[in-house]
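Novice: Prediction below, plus the sequence it came from.
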Amino acid sequence: MSAVNVQKLCESTREKLTFAVGRIELFLNEHALPQMSGGQEEETVQYYRGFLSDLRHLLVFSEVSYEKLGIALRRANFDVDFAEKALYNVYHDCVNSFFYPKNESYVEDGRYAYTGQDAIRFRRTVLPEVRTVIMDITRTYEELRDDLAYYESDYLTQRRMQSRRTHA
């Protein structure tokens, strides 16, 4: 991919992460486990504990990626290799963390993606605020997944081939 295209992709990815980070941070600053699970059975408390843990991880991954993209864009000489690695990390860490949360408080059901319905399905009935924050950021991470699909496999294949050539 040309340096100009990588740079534009870094810029658009960083913009999208700005929205997601802001939205997640706002939610986490306004909601705590006792408030979300107050008076509920232990299973509900565990569910929300896992949900909040996954959301905190997603926030950290997204903030780190945002910073790395900023570094790539601020360098006097745009370093394509550094930028592509940062984009790969956005896909590998952020996108995968959103769509495959460790505690599986929600899943993406691809059957709904083509019907105009929300593809995210929660394992249980959740508070409206929980549903809202996930639905608000879903579009962002869908766009990042589409934009960065190349970095799912082709980027690593390209790096492996370059590595073999230098070691041969």
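Specialist: Cool, got the structure. Numbering: from 1, shown residues only.
Novice: all strands of the chain, in order?
Specialist: 106-108, 120-122 (DSSP state E).
Novice: most neighbours per residue, which of those strands?
Specialist: strand 106-108 (a mean of 18; mean count of other C-beta atoms under 10 Å). (Glycine included, C-beta is placed from N, CA and C.)
Novice: How far away from the center of its chain is it?
Specialist: Computed by C-alpha atoms, centre = their mean, to the nearest Å, the separation of strand 106-108 from the middle of its chain amounts to 14 Å.
Novice: Contacts for that strand, please.
Specialist: 51, 99, 119-123, 134 (C-beta atoms under 8 Å, 6 or more residues apart in numbering).
Novice: Then stretch 54-64?
Specialist: Contacts to stretch 54-64, defined as C-beta under 8 Å, 6+ apart, come from residues 17, 20-21, 24-25, 27-28, 89, 93-94, 97-98, 101-103, 105, 133.
Novice: what sits against the closest residue in space to Ser65 that isn't next to it in sequence?
Specialist: Nearest non-adjacent residue to Ser65, counting by C-beta to C-beta, 6 or more residues apart in numbering: Val90, 4.5 Å away. The neighbourhood of Val90, defined by C-beta under 8 Å, 6+ apart, consists of 13, 17, 65, 69, 144, 148, 151.
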